[in-house]
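S.K.: no letters, just coordinates:
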């Protein structure tokens, strides 16, 4: 099983309890967005435009970046974020960037580097 398959499986398990609570049956979240959200929250990986705009509390950009399906789910996404995500990871671009940097620093420490070292040629 690839890393992506594992991530999708994890996203499904992580997301399953939320689908009934936050999303109407006809408005299930796109799997790609769910995976992007899990990657961001668990690994600090910057999400795509729609999800990043939602996390940064930029409604205009979120609507502009959303496909037709996600546009109908925006209020459910926001409700989920407020009730289920750590408040440190959403609400402004500053918070989103801090979350990403914190995960990068954590990864660097775990890898035994400072995160600021230049790669060797």
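M.R.: In hand now; what should we look at? Just so it is clear, the structure is predicted and the values come from calculations on it, not from any experiment.
S.K.: grab the nearest non-local neighbour of residue 45.
M.R.: residue 39 (4.3 Å; CB to CB, 6 or more residues apart in numbering). Where C-beta positions appear, they are placed from N, C-alpha and C, glycine not excepted.
S.K.: next SSE downstream of the lowest-mean-pLDDT helix or strand in the chain?
M.R.: Every helix and strand of the chain was ranked by mean pLDDT, DSSP states H and E. The lowest is helix 3-22, at a mean of 54. Where DSSP states H and E defines the elements, the next helix or strand beyond helix 3-22 is helix 31-43.
S.K.: pLDDT on the next helix or strand after that next one, on average?
M.R.: The helix or strand immediately downstream of helix 31-43 is helix 49-55, counting by DSSP H and E. What helix 49-55 shows for mean pLDDT is 96.
S.K.: what of stretch 63-70?
M.R.: Computed over stretch 63-70, the average pLDDT equals 92.
S.K.: now stretch 83-100
M.R.: pLDDT averaged over stretch 83-100 gives 94.
S.K.: list the buried residues of that stretch.
M.R.: 85, 89-90, 95-96, 99-100 (16 or more other CB atoms under 10 Å).
S.K.: isn't the residue nearest to residue 45 up against residue 47?
M.R.: Yes. Residue 39 lies in contact with residue 47 (CB atoms under 8 Å); the separation is 7.1 Å.
S.K.: neighbour count: those two, which is higher?
M.R.: Neighbour tally, residue 39 and residue 47, criterion other CB atoms under 10 Å: the higher count belongs to residue 47, 21 against 18.
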